[in-house]
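Peer 1: How does the following fold in three dimensions:
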Amino acid sequence: MKYFALFLVILFFNSCQYFDKSAATEKELLQKELKSINWKEVDEYPSFVDCNQIEGKTERQQCFFQFLTELIQEKIRIDTLSTMYPELDTIEVKVTIFPNSRIQFEPLFPKDSVAYDRVKIDSILKRRLVGFPKVSPAIKRGIPVKTQFVLPVILKIE
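Peer 2: Okay, the predicted model is just below:
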């Protein structure tokens, strides 16, 4: 019986470690949360004031892209790009919207293209693509974030 009591005491003291549940540290919780976030998507896309009344996320996104593309085409259409480069019918523009609502445009050209004067086209675009209406930046988890996307802008409309 003595041995049985001693065995129970030893078992009792050793079993305490099985009941000790350690709480996750802040660092572990942070790492778990960071892994669960999809960094490729935003909660709310950038938006113009005209598109803010639209309820659906995809409809608001389509409104934003359509409105921005039309504004860019309107500003470029009155320039000499189409007469200087008649073979250039579409240009891709990388648009960056910063958290402070600033917009930056950068033309993207095919890598094998030597038919265009890239510096001249870039300077024309930077000169013409100013004075846009206020843009609400994209939102990720309640915080304004920087977003980038590429828009194909049609120069020749037939």
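
Peer 1: Show me which helix runs longest in this structure.
Peer 2: Criterion DSSP state H: the longest helix present in the chain is helix 57-77.

Peer 1: Could you name the helices and strands sitting against that helix?
Peer 2: Secondary-structure packing of helix 57-77 (3 or more Cβ pairs under 8 Å, 6 or more residues apart in numbering; DSSP states H and E): strand 47-48, helix 118-128, strand 147-154. Any C-beta I mention is one placed from the backbone N, CA and C, and that applies to glycine too.

Peer 1: try it again with 10 Å
Peer 2: Under the contact definition 3 or more Cβ pairs under 10 Å, 6 or more residues apart in numbering; DSSP states H and E, helix 57-77 sits against strand 47-48, strand 90-97, helix 118-128, strand 135-136, strand 147-154.

Peer 1: Now do it against helix 118-128, angle only.
Peer 2: 110 degrees (axes from the mean of the first three to the mean of the last three Cα atoms, to 10 degrees).

Peer 1: Show me which residues of helix 57-77 are buried.
Peer 2: By neighbour count with 16 or more other Cβ atoms under 10 Å, helix 57-77 contains the buried residues 60, 61, 63, 64, 65, 67, 68, 69, 72, 75, 76.

Peer 1: would you list those residues in TSV and tack on distance to residue 45 and pLDDT?
Peer 2: What follows is those, written out as TSV (distance: Cβ to Cβ, whole Å; pLDDT from 0 to 100):
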residue	distance to residue 45	pLDDT
60	6	88
61	4	88
63	10	89
64	6	88
65	9	89
67	12	88
68	11	88
69	14	86
72	17	83
75	22	78
76	23	76
